[in-house]
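Asker: Here's a sequence, model it:
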Amino acid sequence: NGRGGCGIAPNATLAGVRLLVGSSTDVVIADDAFEQTLDEFASDEQTVLSNSWGPPDDGRVDGPGVREWYARVDAALTRFEVHGREGKGGIAVFAAGNGGAYDNVNDDGFASHPGTIAVGSVGDDGRRTYFSEPGACIDLVAPSNGGWRAITTTDLMGDSGYSNNNHTDTFSGTSASAPMVAGAIAILLSVRPTLTLRDVRHILARSAHRTHPQDPAWITNDAGLAFSPWYGFGRLDLQGAVDLAASWQSSNETGDAASGCSAEWYGQLPLTSEGVHVPFFDVPEFGEVEDAALFVDVVHPWRGDVLIRLVSPANTSSVLTWQVPNTVSLRDGAFVPHTFHSRAFLGENTTRHAPVGWVLVVRDLTERGHLRRARVCVRGLHNASNAPHPMVPTPAADDEPRTLRLALWIGIGIFGLITTVVFAALAR
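Answerer: As a prediction, this is how the structure comes out:
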């Protein structure tokens, strides 16, 4: 177009809201502004919230569902998820974070919130970037810097941006990946405006490309979906998602959404390096699982020694934490009781495996801790159809899909330091 590129969603309109206040080293969220913004945009059917910000990547456990002072934000996110877009579900995309291998997306209560879509990063070589965090709550990944090139995009005007020519080819971080997914969702809604949040999540997951299939972290769940805590369900494939959306059977036609939890387990169970197993037989059964959440309270001076897995009734094992050497600087070094979310069980039918329950597995590499409390909660559809959803075939390992190299985009700043959140709304 003579101005640098057309972007992923060129017909979208944009609105920016300042949410973060403070200096570049001491940034805090203005939770009143975020709450008001969520409520304001909830009524717009064609709005996608793109969030390239989050708690600092210094090993802290922070955000809604973790700290009490975020209670209003947590409630607002839940309202947006349930009532947004006239009941179809508000869509909020979050950058997964740039803390790298020793951080965890589940420590960020914004990106791991069950109502948000968490996005990690891959380079142009199809492999995870050095900064992209692992997490069982990641939905998918999209391109960023890594391999040979970074992201080409529009920039802040003049000297305020990365360069003074209003474009940059050095945009990076999961901050660059998240708005690509937001733009892709805007395209999906232009094809099928009636898609629910659940529909969008399934379409992105089932059309994603299984990048770097040799990585041993990949698993295949009982619904036939491949998942990795590094890549989620894979790399964004916009054309595949659009093709799938055209024939997608909407969630309001396939079952009744519900959620349920086990009773809370209490005790003083010493942890071992071999691992302890805690079964939960009272979790409600679902015809189709959407999300599983594990609240766990472990007493331990170094949480990097505590390895946690959640195993579904179908024997799918989702890794929730990884070893972190005690030489790594973590803001929260001791274990912080909080909830871990996992997308790994998406689509599984736990009714078929009754009465087999869910199992929590905890290993303590130094045998210094004990388990005090735990609870499993699951969200899904009770009466989901047994017929499989249409799925885009996964390309062979050497069949490179369409790669999003150029994005005329809406993100500005670096994850954790960004001062503007952008909401992409489709022109009516």
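
Asker: pLDDT below threshold where in the stretch 301-428 of the chain?
Answerer: 384-428 (pLDDT under 70).

Asker: what are the ranges of the helices in it?
Answerer: With helices called from DSSP state H, counting those that start in this stretch, the stretch 301-428 of the chain shows none.

Asker: In it, mark out all the strands, start to finish.
Answerer: Using DSSP state E, counting those that start in this stretch, the strands of the stretch 301-428 of the chain run over residues 306-311, 317-319, 338-342, 358-364, 370-381, 421-426.

Asker: out of the ones you listed, nearest to A263?
Answerer: Closest approach to A263 among the strands of the stretch 301-428 of the chain (CB to CB): strand 370-381, 7.5 Å. (C-beta placed from N, C-alpha, C; glycine too.)

Asker: Now F171. Nearest residue, chain neighbours left out?
Answerer: On the basis of CB to CB, 6 or more residues apart in numbering, the spatially nearest residue to F171 that is not a chain neighbour turns out to be I151, at 4.1 Å.

Asker: Grab the most central residue of this structure for me.
Answerer: Nearest to the geometric centre of the chain sits A118, at 2.2 Å (CA atoms, centre = their mean).

Asker: Identify the residues contacting the closest residue to that residue other than its chain neighbours.
Answerer: Using CB to CB, 6+ apart and skipping the chain neighbours, the partner closest in space to A118 is A111 (4.3 Å). Neighbour list for A111: 54, 63, 94-97, 105, 118, 135, 137 [criterion: CB atoms under 8 Å, 6 or more residues apart in numbering].

Asker: Give the buried residues for the lengthiest helix in the chain.
Answerer: Of all segments of type helix in the chain, defined using DSSP state H, the longest is helix 174-191. Within helix 174-191, the residues that count as buried by 16 or more other CB atoms under 10 Å are 174-190.

Asker: quick one, what contacts the residue nearest to F171?
Answerer: By CB under 8 Å, 6+ apart, I151 lies in contact with 143-145, 169-172, 176, 407, 409.

Asker: Just the closest of the residues you listed to R206, please.
Answerer: The shortest approach to R206 among the contacts of I151 belongs to P143, at 19.8 Å (CB to CB).

Asker: Pretty sure S121 is one of the things that closest one touches, is it not?
Answerer: Yes: in this structure, P143 is within contact of S121 by CB atoms under 8 Å, at 7.3 Å.

Asker: Figure out the length between the terminal residues of stretch 230-240.
Answerer: Taking CA to CA, to the nearest Å as the measure, stretch 230-240 stretches 21 Å from start to finish.

Asker: sorry, that was for stretch 230-248
Answerer: 27 Å.

Asker: Could you give the average pLDDT over it?
Answerer: Stretch 230-248 comes out with an average pLDDT of 96.

Asker: Quick one: distance of that stretch to the chain centre.
Answerer: Centroid separation for stretch 230-248 versus its chain: 15 Å, with CA atoms, centre = their mean, to the nearest Å.

Asker: Doesn't A118 belong to a strand?
Answerer: Yes: per DSSP: H, G, I helix; E, B strand; the rest coil, A118 lies within a strand segment.

Asker: That one: what's it in contact with?
Answerer: Taking CB under 8 Å, 6+ apart as the criterion, A118 is in contact with 94, 96, 105, 111-112, 135, 137-139, 232.

Asker: In JSON lines, list those residues along with distance to Q214.
Answerer: Below are these laid out as JSON lines (distance: CB to CB, whole Å):
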{"residue": "F94", "distance to Q214": "28"}
{"residue": "A96", "distance to Q214": "22"}
{"residue": "V105", "distance to Q214": "22"}
{"residue": "A111", "distance to Q214": "26"}
{"residue": "S112", "distance to Q214": "27"}
{"residue": "G135", "distance to Q214": "21"}
{"residue": "C137", "distance to Q214": "23"}
{"residue": "I138", "distance to Q214": "19"}
{"residue": "D139", "distance to Q214": "22"}
{"residue": "G232", "distance to Q214": "17"}
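
Asker: That'll do, ta.
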